[in-house]
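*Asks:* Here is my input, please return the structure:
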Amino acid sequence: MLKGTREAVLQRINPISIHGQISWEIVFIHADDPESQLHAARIGPEAVAGHTLDAGDRIELEYLVGVVVKVTRLPSTQ
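*Replies:* Take a look at the predicted model:
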C-alpha cells in the first residue's frame with residue numbers, strides 16, 4: 001500500500017532501544033485477513049495517537065509508501 005489506512009488487531013508491543021532512543025515494535029494481524037501472517041512495524045512514541053496501546057486492541061494503521069507512520073487505537077465494540 002502506497003498511502004492509506006488499514007484496520008488491524010494488535011498482538012503485542014515491545015519497547016526497543018535504538019541508539020538510546022526508545023521506540024516500539026508492534027506486532028499485528030490485519031483485521032480483514034485474520035488468517036494472514038503476523039506483521040511487525042517499528043515506530044516512535046510520537047506515531048501513536050493517545051500514546052497507549054495494549055495487546056488485543058483494535059488499531060488503525062496509517063501507511064505511507066508501505067511503511068506504518070501512525071497508529072490509532074479504535075474504540076472498543078463492546
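*Asks:* low pLDDT regions in this structure?
*Replies:* 78 (pLDDT under 70).
*Asks:* Partner strands of the longest strand along it, with direction?
*Replies:* In the chain, with assignment by DSSP state E, the single longest strand is strand 3-18. Its sheet considered, strand 3-18 pairs with strand 21-30 (antiparallel), strand 58-64 (antiparallel) by DSSP bridges.
*Asks:* mind giving me a markdown table with those and columns for distance to residue 46?
*Replies:* Any C-beta I mention is one placed from the backbone N, CA and C, and that applies to glycine too. Listed next are the strands paired with strand 3-18 as a markdown table, based on distance: least, C-beta to C-beta, whole Å:
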| stretch | distance to residue 46 |
| --- | --- |
| strand 21-30 | 10 |
| strand 58-64 | 13 |
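*Asks:* quick one, which of the ones you listed is nearest to residue 51?
*Replies:* strand 21-30 (10.1 Å; C-beta to C-beta).
*Asks:* Export the closest one to PDB, keeping only CA atoms.
*Replies:* The C-alpha coordinates for strand 21-30 follow below in PDB (Å, rounded to 0.1, in the frame of the first residue of the first chain):
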ATOM      1  CA  GLN A  21      16.200   6.300  21.800                       C
ATOM      2  CA  ILE A  22      13.100   4.300  22.800                       C
ATOM      3  CA  SER A  23      10.800   3.100  20.100                       C
ATOM      4  CA  TRP A  24       8.100   0.500  20.000                       C
ATOM      5  CA  GLU A  25       7.900  -2.700  17.900                       C
ATOM      6  CA  ILE A  26       4.300  -3.500  17.300                       C
ATOM      7  CA  VAL A  27       3.200  -6.900  16.000                       C
ATOM      8  CA  PHE A  28      -0.300  -7.100  14.500                       C
ATOM      9  CA  ILE A  29      -2.700  -9.000  12.200                       C
ATOM     10  CA  HIS A  30      -4.700  -7.100   9.600                       C
END
